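# Need coordinates for the following:
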Amino acid sequence: MSDPITLNVGGKLYTTSLATLTSFPDSMLGAMFSGKMPTKRDSQGNCFIDRDGKVFRYILNFLRTSHLDLPEDFQEMGLLRREADFYQVQPLIEALQEKEVELSKAEKNAMLNITLNQRVQTVHFTVREAPQIYSLSSSS
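Numbering: from 1, shown residues only. The predicted structure is shown next:
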């Protein structure tokens, strides 16, 4: 087992193994940590990558497990896709594309409160992606 490697990604520190960083040899990280690309160091000697540190955790977890794990309320899909593209992790890019297709097919629910004759009426509706199909139900 190799010594741990600490990365400074956009000011956020991550510690992992060389095996994890090189798990996808064709990726930018695989190239960096196999010696094919130079690495930059911060003032503490950590490998420095000038990218978004917050979303890097999802990339690192994918490198560890080959599985895309995102919270249900994840709101930064575009940013994560750009970061995956930067790091050139092709299986992650493909997993993100599949996730986006899955999310686009998911139903979206909403509630709207309307005041009618001084009474509040609540309208519930579900929207499915194109063609626009709406399902409405109401309750008071």
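
# Name the residue most distant from the centre of this protein?
The C-alpha centroid of the chain is most remote from Asn117, which lies 46.0 Å away (Cα atoms, centre = their mean).

# Only alpha carbons, please: show stretch 57-64 as CSV.
The C-alpha trace of stretch 57-64 is given here as CSV (Å, rounded to 0.1, in the frame of the first residue of the first chain):
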residue,chain,number,x,y,z
ARG,A,57,-15.5,14.9,-3.5
TYR,A,58,-17.9,13.3,-6.0
ILE,A,59,-15.1,12.8,-8.6
LEU,A,60,-12.9,11.2,-5.9
ASN,A,61,-15.6,8.9,-4.7
PHE,A,62,-16.2,7.8,-8.3
LEU,A,63,-12.5,7.0,-8.6
ARG,A,64,-12.8,4.9,-5.5
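
# Correct me if wrong: Leu13 contacts Leu7.
Yes - using Cβ atoms under 8 Å, Leu13 is in contact with Leu7, at 7.0 Å. C-beta coordinates here come from the backbone N, C-alpha and C atoms, glycine included.

# Now do the shared contacts for the two.
Counting by Cβ atoms under 8 Å, 6 or more residues apart in numbering, the contacts common to Leu13 and Leu7 are Asn46.

# Let me see the contact set for the residue nearest to Gly10 when sequence neighbours are not counted.
Nearest residue to Gly10 in three dimensions, chain neighbours excluded: Gly53, at 3.5 Å (Cβ to Cβ, 6 or more residues apart in numbering). By Cβ under 8 Å, 6+ apart, Gly53 lies in contact with Asn8, Val9, Gly10, Gly11, Lys12, Tyr14.
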